[in-house]
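K.L.:
Need coordinates for the below:
(one chain, ligands or ions: 1)
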Amino acid sequence: MITHILLDIEGTTCPTSFVSDTLFPYAYTHLEEFLNEHKENNEIQSLIDEAWGEWQADTDPSSKDLLSKALMKNSSEIENICSYLHHLITIDRKSSALKDLQGRIWREGYEKGDLCSSLYPETLEALSKLKQQEYILAVYSSGSISAQKLLYRHTAGGDQTALFSHWFDTRTGNKKESKSYSDICIAMNIPVEKVIFVSDSYAECDAAEKAGMSVLFSLREGNPEQDPHDHKAIKDLWYLFDYLL
Ligand SMILES: [Mg+2]
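P.N.:
Numbers count the residues shown, from 1 in each chain. Next comes the predicted model:
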């Protein structure tokens, strides 16, 4: 019997467009202003240093080209590092310094009221109902745990973080590797057969299934993946109830 529901966020509880059309552009636009405002803060300065280190070690020709141009110009350190971080966002490359900064920019945006997360229309009602029925809800998303909590803290329906008992991000492991799902079960102290995982990525569903979890593929309009392959697909979270009996 399923007792635990492990949920992806983007494409599963929250439209991918909120992340791509709201969150990422917000961080992009506010990056320079944020760094200038907080450059005296030691944590921010060490993130700037970390980004410089990443840039110097970056072997991508476009990044190297940008670096030699930056070194020739008389721009400020912040202008330079912004040009690199903007470049990383444009080419959709992962960077731990960038990820950390984006999280901090979003936090400020949510706290200022500039940002409010937009979930699917049924998300909160369906999850509340599951929680009422004593299912244990957990999050597994590639966004950092602090970004996950921000997203659920600032919803149109208020702070929803209490819905979830466990939070996992890629520090647990890659979402496309089955070991990550086994490790999540160890962390939740629950046999893998008691967990159902929902995601809009069939490769993630494959990995979870390989670990022994039940899986459902979230098939939504607007999601980049529209082919569930061998997985059962659900059109919204209400369909989850059909699989929990
Ligand atoms: Mg997803």
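
K.L.:
Residues contacting the helix or strand harbouring Phe217, please?
P.N.:
In this structure, Phe217 sits in strand 214-218 according to DSSP states H and E. Strand 214-218 has contacts (Cβ atoms under 8 Å, 6 or more residues apart in numbering) with 2, 8, 11-12, 193, 195-200, 202, 205, 208-209, 228-229, 231-234, 239-240, 243. Yep, even glycine has a C-beta here, placed from its N, CA and C like the rest.

K.L.:
and the helix or strand just after that strand, which strands flank it?
P.N.:
Downstream of strand 214-218, the next assigned helix or strand under DSSP H and E is strand 233-234. Strand 233-234 has the following strand partners under DSSP bridges: strand 214-218 (parallel).

K.L.:
For the partner strand, the averaged confidence score.
P.N.:
Computed over strand 214-218, the mean pLDDT rounds to 98.

K.L.:
Figure out how far that strand is from the centre of its chain.
P.N.:
Its chain's average C-alpha position is 18 Å from that of strand 214-218, according to Cα atoms, centre = their mean, to the nearest Å.

K.L.:
Identify the residues contacting the closest residue to Gly11 other than its chain neighbours.
P.N.:
Using Cβ to Cβ, 6 or more residues apart in numbering and skipping the chain neighbours, the partner closest in space to Gly11 is Asp200 (3.1 Å). Neighbouring residues of Asp200 by Cβ under 8 Å, 6+ apart: 8, 10-12, 16, 217-220, 223-225.

K.L.:
which residues pair with the nearest residue to Leu119 once chain neighbours are set aside across the strands?
P.N.:
Closest residue to Leu119 apart from its sequence neighbours, by Cβ to Cβ, 6+ apart: Cys14 at 5.0 Å. When assigned by DSSP bridges, Cys14 has beta-bridge partners Glu10.

K.L.:
Any idea how many residues pack against Cys14?
P.N.:
Applying other Cβ atoms under 10 Å, we find 23 residues neighbouring Cys14.

K.L.:
where does it land on pLDDT?
P.N.:
Predicted confidence (pLDDT) at Cys14: the value is 98.

K.L.:
ditto for Ile48
P.N.:
Confidence at Ile48, expressed as pLDDT, is 95.

K.L.:
where exactly do the helices run in this protein?
P.N.:
16-17, 24-38, 42-57, 61-72, 77-90, 96-112, 123-132, 145-153, 178-188, 202-211 (DSSP state H).

K.L.:
Just send those helices back as JSON lines, with distance to the ion too.
P.N.:
Listed next are the helices of the chain as JSON lines, based on distance: least, Cβ to the ion, whole Å:
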{"stretch": "helix 16-17", "distance to the ion": "7"}
{"stretch": "helix 24-38", "distance to the ion": "15"}
{"stretch": "helix 42-57", "distance to the ion": "25"}
{"stretch": "helix 61-72", "distance to the ion": "27"}
{"stretch": "helix 77-90", "distance to the ion": "19"}
{"stretch": "helix 96-112", "distance to the ion": "16"}
{"stretch": "helix 123-132", "distance to the ion": "13"}
{"stretch": "helix 145-153", "distance to the ion": "12"}
{"stretch": "helix 178-188", "distance to the ion": "14"}
{"stretch": "helix 202-211", "distance to the ion": "7"}
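
K.L.:
any chance of those helices in CSV, plus mean neighbour count?
P.N.:
CSV is the format used below for those (neighbours: other Cβ atoms under 10 Å):
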stretch, mean neighbour count
helix 16-17, 15
helix 24-38, 17
helix 42-57, 15
helix 61-72, 12
helix 77-90, 18
helix 96-112, 19
helix 123-132, 17
helix 145-153, 20
helix 178-188, 18
helix 202-211, 21
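
K.L.:
quick one, which of those helices is nearest to Gln160?
P.N.:
Set against Gln160 and scored by Cβ to Cβ, the helices of the chain come closest in helix 145-153, at 4.6 Å.

K.L.:
Would you mind giving both backbone torsions of the spatially most central residue of the chain?
P.N.:
In the chain, the residue lying closest to the centroid (Cα atoms, centre = their mean) is Gly143, at 2.2 Å. Phi and psi for Gly143, reported as degrees, to the nearest 10, are phi -70, psi 150.
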